[in-house]
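# would you be able to build a 3D model of this:
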Amino acid sequence: MPDASSCPSSSSASSSSSGSSSSPSSASGSGRPVPQALRRDADFRRLWVGQTASQLGEHASLVVLPLIAVLTLDADAGRVGVLRAVGQAPILLFALLVGAWVDRWRTRTVMVLADLGRALALGGAALAGLLGGLGMPALLVVAFTVGALSVFFDVAYQASLVRLVKRDRLTWATSAIEGSRSAAQIVGPALGGTLVSLLSAPIAAASCAVSFVLSFLSIRRIRRRESVPERSGRAPRAWCRIHEGLRFVAGDTYLRTVGLASAAFQFSFAAMMTGYLLFLPRDLHLSGGVVGLTLAATGPGALLGSVLAARLPGRFGHGVVLVSAAALGDGVMLCVPALRGPSAVTIPSLVAVNLVFGTFGQLVNVTVMAVRQAVTPDGMQGRVAATITFVGMGVTPLGSLLGGFLAGEWGLRASLLVTAAGMTLSPALMALSPLARLGRELPARDVPRGRRPPRPG
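Residues are numbered from 1 along each chain as shown. Sure, this is the predicted structure:
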């Protein structure tokens with residue numbers, strides 16, 4: 001890594017953070033007027049609707065493509081692992097560059113172009129299917145394209161939220177946005193499984209494209225001008241801006257822990273999901289529609305987790321909530337490889353597991369995002385989001401490949417047990433860090449971190 005001193009200094013981080021050192025957690029104490037004000041904010045509603053539709057299409061496609069490979073192309077575990085890895089590879093390849101780029105451009109433009117590109121890619125997949133050419137090579141191309149554009153959208157919407165919403169409403173806005181994201185993350189796979197089961201593969205791909213079109217139409221109607229940092233003089237080189245984001249995350253105790261815990265979880269979760277998508281139809285003999293419906297149980301859990309995330313951290317402390325919720329949500333997945341017997345037993349058990357996983361997983365997601373936003377200056381939001389995405393999600397292609405290898409070598413049940421156990425490393429890392437000692441109030445930006453623990457709430 002080159003010396004940071006060779007990079008031109010950027011004033012965006014310091015200038016945009018001035019006068020905003022108050023904690024977003026104050027929103028939780030403002031009572032009912034905050035969510036009412038957000039509901040009256042037309043631009044926030046457009047972002048919320050568009051982001052929800054986009055996430056729905058993204059996560060539906062993540063299941064549609066592997067299920068097409070499994071159910072119609074008879075792909076084995078290794079090929080499914082490769083397909084998932086190709087779709088996740090853009091996170092590793094592009095996340096840091098996208099973060100540096102998004103911080104200097106209007107997020108609305110980035111989001112609408114990403115939506116349009118993904119709609120065209122899945123529309124092309126539908127056309128290829130109708131013409132009889134939707135084989136594994138075409139699935140690989142579509143998976144990579146959708147994955148790359150999803151990196152742009154996901155980084156942009158996180159930066160957009162901070163630019164569009166006032167600080168005192170940020171906690172509630174984050175809870176709403178992350179609630180819909182997690183709900184779409186589970187409803188999307190349910191929708192995808194049902195589409196593949198009930199409709200033809202081309203129609204399933206085309207249906208996913210519709211979600212991106214709806215997101216495009218909603219987000220392009222945002223009218224509020226964003227407070228994009230001024231680009232005076234010669235712009236710093238992309239690598240210098242990337243390095244600045246990496247150094248900021250690495251130098252902050254909380255953000256560094258979030259990145260490491262996310263990497264541990266996402267690596268193990270990607271490995272587990274590769275075997276999971278094979279385990280349900282092949283060992284438990286569930287149809288694509290039933291697979292989707294069992295996964296959909298996480299949707300109500302995600303909504304419940306969002307409600308809890310707006311209340312529990314302010315009552316019990318952010319650290320306690322993070323560690324306990326992560327331990328419960330990740331630990332429950334250890335029950336999956338033990339499932340046996342008729343569908344009358346396995347289906348309700350899967351529903352219960354996914355409900356618990358969705359509830360506590362969403363509680364962790366919202367709380368982590370609130371911590372990240374609280375300690376990050378506005379001009380660094382895109383790069384910090386991209387850096388944590390890179391560190392956490394960048395390992396998912398390797399996890400997917402490992403999951404496919406373990407499933408083929410050890411069998412599905414053994415691979416699920418090992419990878420589910422690996423997910424519990426995430427709460428262990430948080431429990432051993434200063435993140436676990438965060439109190440009821442989030443830390444202010446001007447408090448030096450890494451030298452002393454935060455003041456208990």
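# so residue 381 is in which element?
Using DSSP states H and E, residue 381 maps to helix 381-393.
# dump the helix or strand that that helix is followed by to PDB, restricted to CA.
Using DSSP H and E, the helix or strand that follows helix 381-393 towards the C-terminus is helix 396-410. What follows is helix 396-410 as a C-alpha-only set of coordinates in PDB (Å, rounded to 0.1, in the frame of the first residue of the first chain):
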ATOM      1  CA  THR A 396     -18.400 -14.200  -0.300                       C
ATOM      2  CA  PRO A 397     -17.200 -15.600  -3.600                       C
ATOM      3  CA  LEU A 398     -14.600 -17.600  -1.700                       C
ATOM      4  CA  GLY A 399     -17.300 -18.700   0.800                       C
ATOM      5  CA  SER A 400     -19.600 -19.800  -2.000                       C
ATOM      6  CA  LEU A 401     -16.800 -21.800  -3.600                       C
ATOM      7  CA  LEU A 402     -15.900 -23.400  -0.300                       C
ATOM      8  CA  GLY A 403     -19.500 -24.300   0.300                       C
ATOM      9  CA  GLY A 404     -19.800 -26.000  -3.000                       C
ATOM     10  CA  PHE A 405     -16.500 -27.900  -2.300                       C
ATOM     11  CA  LEU A 406     -17.600 -29.000   1.200                       C
ATOM     12  CA  ALA A 407     -21.000 -30.100   0.000                       C
ATOM     13  CA  GLY A 408     -19.500 -32.200  -2.700                       C
ATOM     14  CA  GLU A 409     -16.700 -33.700  -0.500                       C
ATOM     15  CA  TRP A 410     -18.400 -34.100   3.000                       C
END
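# gap between helix 396-410 and the chain center?
21 Å (Cα atoms, centre = their mean, to the nearest Å).
# over to stretch 58-76?
20 Å.
# same check on stretch 191-202?
The answer for stretch 191-202 is 23 Å, by Cα atoms, centre = their mean.
# give the buried residues for it.
Within stretch 191-202, the residues that count as buried by 16 or more other Cβ atoms under 10 Å are 191-197, 200-202. C-beta: built from backbone N, CA, C; applies to glycine.
# residue 395 contacts residue 268, doesn't it?
No. If you go by Cβ atoms under 8 Å, residue 395 and residue 268 don't touch, sitting 9.4 Å apart.
# more neighbours, those two?
A direct count of neighbours by other Cβ atoms under 10 Å for residue 395 and residue 268 places residue 268 higher, at 26 against 23.
# thought that one was touching residue 416?
No. Counting by Cβ under 8 Å, residue 268 sits too far from residue 416 to count as a contact (10.8 Å).
# top helix in the protein by residue count?
helix 343-375 (DSSP state H).
# for that helix, packing partners?
helix 170-198, helix 253-282, helix 288-295, helix 298-309, helix 312-316, helix 318-331, helix 381-393 (3 or more Cβ pairs under 8 Å, 6 or more residues apart in numbering; DSSP states H and E).
# and residue 375, which of those is closest to it?
With distances scored as Cβ to Cβ, the stretch of the helices and strands packed on helix 343-375 nearest to residue 375 is helix 253-282 (5.8 Å).
# looking at the chain, which helix or strand is least sure?
Every helix and strand in the chain was compared by mean pLDDT, DSSP states H and E; the lowest is helix 12-17, with a mean of 35.
# flag the shaky bits of the stretch 301-450 of the chain, pLDDT-wise.
Filtered on pLDDT under 70, the stretch 301-450 of the chain yields the residue ranges 378, 443-450.
# 90 instead, please
By pLDDT under 90, the low-scoring segments of the stretch 301-450 of the chain are 301-322, 326, 329-424, 431, 433-450.
# quick one on the thing from earlier: check the offset of the longest helix of the chain from the chain's centre.
The answer for helix 343-375 is 13 Å, by Cα atoms, centre = their mean.
# over to stretch 107-120?
17 Å.
# what residues of the helix or strand containing residue 248 count as buried?
In this assignment (DSSP H and E), residue 248 forms part of helix 238-251. The neighbour-count check on helix 238-251 (16+ other Cβ under 10 Å) flags 240-246, 248-249 as buried.
# which residues does the residue lying closest to residue 115 once chain neighbours are set aside contact?
Among residues not flanking residue 115 along the chain, residue 216 sits closest, at 4.0 Å (Cβ to Cβ, 6 or more residues apart in numbering). By Cβ atoms under 8 Å, 6 or more residues apart in numbering, the residues touching residue 216 are 50, 112, 115-116, 119.
# what do you get for residue 95?
Taking Cβ under 8 Å, 6+ apart, we find residue 95 in contact with 151, 155, 386-387, 389-390, 393-394.
# 10 Å instead?
Contact analysis of residue 95 by Cβ atoms under 10 Å, 6 or more residues apart in numbering lists 151-152, 154-155, 242, 385-394.
# farthest pair within those residues?
Most distant of those, by Cβ to Cβ, are 152 and 391, 18.0 Å apart.
# that older thread, okay, the angle between the longest helix of the chain and helix 238-251?
If you take axes from the mean of the first three to the mean of the last three Cα atoms, to 10 degrees, helix 343-375 sits at 100 degrees to helix 238-251.
# quick check: buried residues in helix 343-375?
346-347, 349-351, 353-375.
# so which bits of stretch 383-393 are buried?
383-393.
# of those residues, closest to residue 141?
Residue 141 has its nearest neighbour among the buried residues of stretch 383-393 in residue 393, at 20.6 Å by Cβ to Cβ.
# does the closest residue to the closest one other than its chain neighbours sit in a helix or strand, and which one?
Closest residue to residue 393 apart from its sequence neighbours, by Cβ to Cβ, 6+ apart: residue 91 at 4.2 Å. For residue 91, the host element (DSSP H and E) is helix 77-102.
# now that helix: average pLDDT?
In this model, helix 77-102 has a mean pLDDT of 76.
# kindly provide the distance from the nearest residue to residue 55 once chain neighbours are set aside to residue 110.
Once flanking residues are discounted, residue 55 sits nearest to residue 184: 3.7 Å by Cβ to Cβ, 6+ apart. Between residue 184 and residue 110 the computed distance is 19 Å (Cβ to Cβ, to the nearest Å).
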